[in-house]
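# requesting a structural model of the entry that follows:
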Amino acid sequence: MSICYNINPELNMLIYICEGLITPTEFFKMADTAFLDTRRKLGMLMVIDILSAEVDFELKDMHYVIDVTNDMAAQGLESDSIAILTQSKGMHFVGEAMKFLPSKAKLKINMFDTLDDAITSFGLLEFRQEVIQFWEESKSLINNR
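Sure thing, here's the model as predicted:
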């Protein structure tokens with residue numbers, strides 16, 4: 001399991017890079033660490049790259065995400081816009097299914113096959129090269145661990 005994160009305040013973006021077999025519990029621990037990072041702001045665009053990962057999840061993990069989203073809604077906060085990069089049809093299905101679980105707030109999560117698709121969805125075409133460079137820098141962090 002390898003997970004790392006990187007934050008680019010200028011792009012208002014947080015990227016997680018995941019490799020190997022990961023569990024949502026491991027990811028949520030890393031997300032808690034990222035949340036405490038002083039560069040982290042609410043409302044950032046979030047990219048979760050699981051292109052090189054296998055995710056071992058259970059239904060309880062999906063409910064945990066909904067609970068966190070509901071807690072944020074109770075505090076008057078919105079979910080970040082989340083783009084998950086995966087070519088797994090199963091993960092695409094899970095991402096879509098999560099949108100239909102009962103929640104007090106809209107979960108802003110979308111599944112994409114490529115970073116370019118996420119860039120388009122975020123409306124960042126004019127910053128495409130900067131986002132790609134940030135993503136590549138982020139991927140190098142996990143390789144240098």
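
# helix, strand or coil: sort out F35 for me.
helix (DSSP: H, G, I helix; E, B strand; the rest coil).

# ignore the last one, M111
Classified using three-state DSSP, M111 is strand.

# doesn't T86 make contact with it?
Yes: using C-beta atoms under 8 Å, M111 makes contact with T86 at a distance of 6.2 Å. The way it works is simple: take the backbone N, C-alpha and C, and place the C-beta from them, glycine included.

# pull up the overlap in contacts between these two.
Residues touching both M111 and T86 (C-beta atoms under 8 Å, 6 or more residues apart in numbering): H92.

# all strands of this structure, in order?
For the chain, the strands defined by DSSP state E occupy 2-8, 13-22, 45-55, 81-85, 109-112.

# got the CA positions of the helix or strand of the chain with the lowest mean pLDDT in CSV?
Least confident helix or strand, the chain: helix 59-74 with a mean of 77, by mean pLDDT, DSSP states H and E. Extracted in CSV, the C-alpha atoms of helix 59-74 (Å, rounded to 0.1, in the frame of the first residue of the first chain):
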residue,chain,number,x,y,z
LEU,A,59,-20.3,-1.3,2.0
LYS,A,60,-19.4,0.2,5.5
ASP,A,61,-16.8,2.3,3.8
MET,A,62,-19.4,3.9,1.5
HIS,A,63,-21.5,4.6,4.5
TYR,A,64,-18.6,6.3,6.2
VAL,A,65,-18.2,8.7,3.3
ILE,A,66,-21.9,9.5,3.6
ASP,A,67,-21.6,10.1,7.3
VAL,A,68,-18.7,12.5,6.8
THR,A,69,-20.6,14.3,4.1
ASN,A,70,-23.6,14.6,6.5
ASP,A,71,-21.4,15.9,9.3
MET,A,72,-20.1,18.5,7.0
ALA,A,73,-23.6,19.5,5.9
ALA,A,74,-24.6,19.8,9.6
